[in-house]
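Q: Turn this into a model:
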Amino acid sequence: MMTLCRLLATRGVAVTFVVTEEWLGLLGSSPAPPPPPGVHLRTIPNVIPSENGRAADFSGFMDAVYTKMEDPVERLVDRRRPSWPTPTSHGRWRWGTGGIFQ
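A: The predicted structure follows:
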């Protein structure tokens, strides 16, 4: 996904990745080059189980994604809405398809 966003950014498309604080740390420690201008990383609190143990309870992890991420993402979008002219939905976000990401 980041590779696609890098390509879009070279064409002038602004992309915002919303990740947890844990994932921001993982991305920051990656050997990959930093995101180019036009690709922005924004965080929400760690409201889902850690990446390190999610395989042990994948259904619990997905339940947390569907139930605990909605509020932090909505708050982030509400703060940024004037500069996000075309928000879109991730296909797995049940709460995103009928609400803020229309």
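Q: wait, doesn't residue 36 sit right on residue 6?
A: Yes. The pair residue 36 / residue 6 is scored as a contact, 5.9 Å apart, by C-beta atoms under 8 Å. For glycine as for every other residue, the C-beta is placed from the backbone atoms N, C-alpha and C.
Q: And these two? Which one has more around it.
A: More neighbours surround residue 6 than the other of residue 36 and residue 6, with 16 against 13 (other C-beta atoms under 10 Å).
Q: That one contacts residue 34, correct?
A: No. Using C-beta under 8 Å, residue 6 is not in contact with residue 34, being 10.5 Å away.
Q: now the helices for this protein?
A: Applying DSSP state H to the chain gives helices spanning 2-10, 21-28, 58-68, 70-80, 94-97.
Q: which of the ones you listed has the lowest average pLDDT?
A: Among these, helix 94-97 carries the lowest mean pLDDT, at a mean of 50.
Q: quick one: residue 22 and residue 53 touch, right?
A: No. Shown here, residue 22 and residue 53 do not form a contact pair, counting by C-beta under 8 Å, at 11.4 Å.
Q: roughly how far apart are residue 11 and residue 33?
A: For residue 11, the distance to residue 33 (C-beta to C-beta, to the nearest Å) stands at 18 Å.
Q: right, I mislabeled it, should have said residue 1
A: Taking C-beta to C-beta, one finds residue 1 at 16 Å from residue 33.
Q: Now do the buried residues in stretch 40-55.
A: Under the neighbour-count criterion of 16 or more other C-beta atoms under 10 Å, stretch 40-55 has 41, 43, 44, 46, 47, 48, 49 buried.
Q: So which of those residues sit within strands?
A: Under the assignment DSSP state E, the buried residues of stretch 40-55 contribute 41, 43, 44 to strands.
Q: Just give me the closest of these to residue 17.
A: residue 41 (5.1 Å; C-beta to C-beta).
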